[in-house]
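1. sequence first, then the predicted structure:
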Amino acid sequence: MKKTETKCTGMDTKLAGMLLDPSPAPAKVQAHVAECGQCQGELDELKATIELLGAWQAPEPNPYFLTRLGARMREEREAAPAGWFARRVARLRASIAYGSGLHVRPLAAMALTVMLLLGGGTYLGITDWMQVVQPTPQAAVVHDLQTLDNNAQVLDQMETLSNNNESGD
């Protein structure tokens, strides 16, 4: 009996797979179901349940259901609550839910949008202040060429000065 119980662990998902399509089930699982009475009984029960569900027909909805539901909701909405505090809360709730003369919802959405834009802009402005601008690193070759060019200019200037001094003497 214990051998059967240990072999049957995890068979629930395999039985469900065999119920829908028995061909891809491994031969080991099919052999276990064929020799295990408990698993075979459970598979038969699952098949009977699926057949019963296949034969079930959904009832036709009542054509007046939505009309009656709307009337019932209207009655509940118009029913006066008991007590002055409950009436005030109900009136406040109705003005928020169904709108008031001020149209608060679009104004609240616009105010929230402006607050988000201002907050995001402020955050970006603050984070930009804290970032240090890193100089772009130059390649060694570019730096060497710039140094040689500066040296060439200095040498040209010195040569021009020396030519001027020799001709002036």
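-> Noted; the coordinates are in hand. Numbers count the residues shown, from 1 in each chain.
2. what residue ranges in this protein score low on pLDDT?
-> 1-7, 22, 99-103, 127-133, 168-169 (pLDDT under 70).
3. the domain parsing of it - what is it?
-> 2-55, 77-127 (automatic domain parsing).
4. what's the most buried one of those?
-> domain 2-55 (a mean of 12; mean count of other Cβ atoms under 10 Å). Quick note: C-beta positions are derived from backbone N, CA and C, even for glycine.
5. with distance to Gln157 as extra columns, can I get the domains of the chain in JSON lines?
-> Formatted as JSON lines, the domains of the chain follow (distance: least, Cβ to Cβ, whole Å):
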{"stretch": "domain 2-55", "distance to Gln157": "89"}
{"stretch": "domain 77-127", "distance to Gln157": "47"}
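6. so which of the ones you listed is nearest Asn165?
-> Ranking the domains of the chain by proximity to Asn165 (Cβ to Cβ) places domain 77-127 first, at 58.7 Å.
7. how far is the longest helix along the chain from where the chain is centred?
-> In the chain, assigned by DSSP state H, the helix with the most residues is helix 140-168. Relative to the chain's own centre, helix 140-168 is displaced by 65 Å; criterion: Cα atoms, centre = their mean, to the nearest Å.
8. ok, stretch 42-50 next?
-> Counting by Cα atoms, centre = their mean, stretch 42-50 is centred 39 Å from the centre of its parent chain.
9. what about the residue nearest in space to the middle of the chain, which helix or strand?
-> Central residue of the chain (Cα atoms, centre = their mean): Leu116, 20.2 Å from the mean position. Element membership of Leu116, judged by DSSP states H and E, is helix 104-130.
10. now swap in Arg93 and tell me
-> helix 84-98.
11. tell me what that helix is packed against?
-> If contacts are counted by 3 or more Cβ pairs under 8 Å, 6 or more residues apart in numbering; DSSP states H and E, helix 84-98 sits against no helix or strand.
12. list the contacts of it.
-> With Cβ atoms under 8 Å, 6 or more residues apart in numbering as the test, helix 84-98 has contacts from 77, 80-81, 104.
13. distance to Thr136 added to those residues, as TSV?
-> Listed next are the contacts of helix 84-98 as TSV, based on distance: Cβ to Cβ, whole Å:
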residue	distance to Thr136
Arg77	68
Ala80	75
Pro81	71
Val104	52
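14. strands - which of the residues you listed land there?
-> When DSSP state E is applied, the contacts of helix 84-98 are split such that none fall in strands.
15. which two among those residues are spaced furthest apart?
-> Ala80 and Val104, at 24.2 Å, using Cβ to Cβ across the contacts of helix 84-98.
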